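Trainee: Build me a structure from this.
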Amino acid sequence: MKSRREFLQLSALGTVVGLSPNMLSAMSDANQKIVKSPGPIAISTWNHGLPANAVAWELLKKGGSALDAVEKGVRVVEDDPDNMTVGLGGFPDIEGNVTLDASIMDEKQQCGSVAFLQHIKNPISVARLVMEKTKHVMLVGDGALQFALQHGFSKQNLLTENTLKAWEKMGGSDDAESLINIENHDTIGMLVMDGKGDLSGACTTSGAARKVYGRVGDSPIIGAGLFVDNEVGGATATGWGEEVIRNAGSAIVVELMRQGRSPQEACEEIVKRIASRSDAAKKVQVGFIAINREGETGAFAIQPGFYYSLMKKGDNKSYKSASLY
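Mentor: Numbers count the residues shown, from 1 in each chain. Modelled structure (predicted):
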């Protein structure tokens, strides 16, 4: 349905060229319909994004939605007990509890998230249900667990033997910031454009190893760990979440793209902004990936060692991101 301004503009143009507003409107609609989407495209953080991209691609090539693709894609990583920073087998907090955070956002800017969720290995799917089954955006802690159980999820022990050994080896270290790098892959964030050109995103993590009990990072916070605007693009973050939250990281990346920056330029600008805030911010790892409406992508991090995975035209590859230092 055309706005009043669009209708008046069409009317004025019709007067000049001798065409009626209805004829011009039909021509405009026809032109919009033949614009080809640059998708499908899937981009995700770290090398564990490769299997996530592959699963998403199977859905996309059959005409599946971006929303289904990001959920199914990141679930692959949540289900992997050998990944110690997401879902099953995620690193526990300082007291030995595995607590998970996740968020999801679709092309209509509908969103859902869960934080401090225990005993459920697929927080991304619980986050989607929060989006689709409630009037809320975020559920946390026992409330999120109760909601998950009410919707058919089953409790299980998320702490694996390998993760427990690795956690014990850390001893009393709480220097989680420095560990978030290639050796400790952290969050998986994923952005997808489907064949229709619609965008969705997902972000899921077990958070920083040996975090304080009750700590929540950026991943479940819309605008920090994840943000999608179907008219502009999407962004997601990985790394030390406190710095991402302080700077509303992913929302700023999208707004920079709205102002005309490319995804690469937007990722670089937010990383430089974060690192300029303090000496402490210069020492942590934070990385971003982004995609715009034209299907262009970008990635940038504070420190070297950040990798991202991109699947486009059926080609699924891992790339080393450029970094500030």
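Trainee: Put the alpha carbons of the helix or strand where Ala56 lies into PDB.
Mentor: Using DSSP states H and E, Ala56 falls within helix 49-60. Written as PDB, here are the backbone C-alpha positions of helix 49-60 (Å, rounded to 0.1, in the frame of the first residue of the first chain):
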ATOM      1  CA  GLY A  49      30.600 -21.600  11.700                       C
ATOM      2  CA  LEU A  50      31.500 -23.900   8.800                       C
ATOM      3  CA  PRO A  51      29.100 -26.700   9.800                       C
ATOM      4  CA  ALA A  52      26.500 -24.200  10.900                       C
ATOM      5  CA  ASN A  53      26.600 -22.600   7.500                       C
ATOM      6  CA  ALA A  54      26.400 -26.000   5.800                       C
ATOM      7  CA  VAL A  55      23.200 -26.900   7.700                       C
ATOM      8  CA  ALA A  56      21.700 -23.400   7.000                       C
ATOM      9  CA  TRP A  57      22.500 -23.700   3.300                       C
ATOM     10  CA  GLU A  58      20.600 -27.000   3.000                       C
ATOM     11  CA  LEU A  59      17.500 -25.200   4.100                       C
ATOM     12  CA  LEU A  60      18.100 -22.100   2.000                       C
END
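Trainee: and the next element down the chain from that helix?
Mentor: Helices and strands here follow DSSP H and E; after helix 49-60, the next one along the chain is helix 66-78.
Trainee: Can you list the buried residues in the helix holding Ala56?
Mentor: Buried positions in helix 49-60, judged by neighbour count with 16 or more other C-beta atoms under 10 Å: Gly49, Leu50, Pro51, Ala52, Asn53, Val55, Ala56, Trp57, Leu59, Leu60. All C-beta atoms are positioned from the backbone trio N, CA, C, and that covers glycine.
Trainee: Check stretch 306-314 too.
Mentor: Phe306, Tyr307, Tyr308, Ser309, Leu310, Met311, Lys312.
Trainee: Pick out whichever of those residues sits closest to Lys282.
Mentor: Using C-beta to C-beta, the shortest approach to Lys282 within these belongs to Phe306, at 15.2 Å.
Trainee: contacting residues around the closest one?
Mentor: For Phe306, the contacting residues are Thr45, Trp46, Asn181, Ile182, Thr238, Gly239, Gln285, Gly287, Ala299, Lys320, Ser321, Ser323, by C-beta atoms under 8 Å, 6 or more residues apart in numbering.
Trainee: repeat for Ala280
Mentor: Shown in contact with Ala280 (C-beta under 8 Å, 6+ apart): no residues.
Trainee: Would you confirm that it belongs to a strand?
Mentor: No: secondary structure assignment (DSSP: H, G, I helix; E, B strand; the rest coil) places Ala280 in helix, not in a strand.
Trainee: Serialize the contacts of Phe306 to a markdown table and add fields for neighbour count and distance to Ser125.
Mentor: Output for these, formatted as a markdown table (neighbours: other C-beta atoms under 10 Å; distance: C-beta to C-beta, whole Å):
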| residue | neighbour count | distance to Ser125 |
| --- | --- | --- |
| Thr45 | 32 | 19 |
| Trp46 | 26 | 20 |
| Asn181 | 18 | 28 |
| Ile182 | 15 | 28 |
| Thr238 | 30 | 20 |
| Gly239 | 29 | 24 |
| Gln285 | 23 | 28 |
| Gly287 | 30 | 25 |
| Ala299 | 26 | 26 |
| Lys320 | 14 | 31 |
| Ser321 | 21 | 28 |
| Ser323 | 17 | 33 |
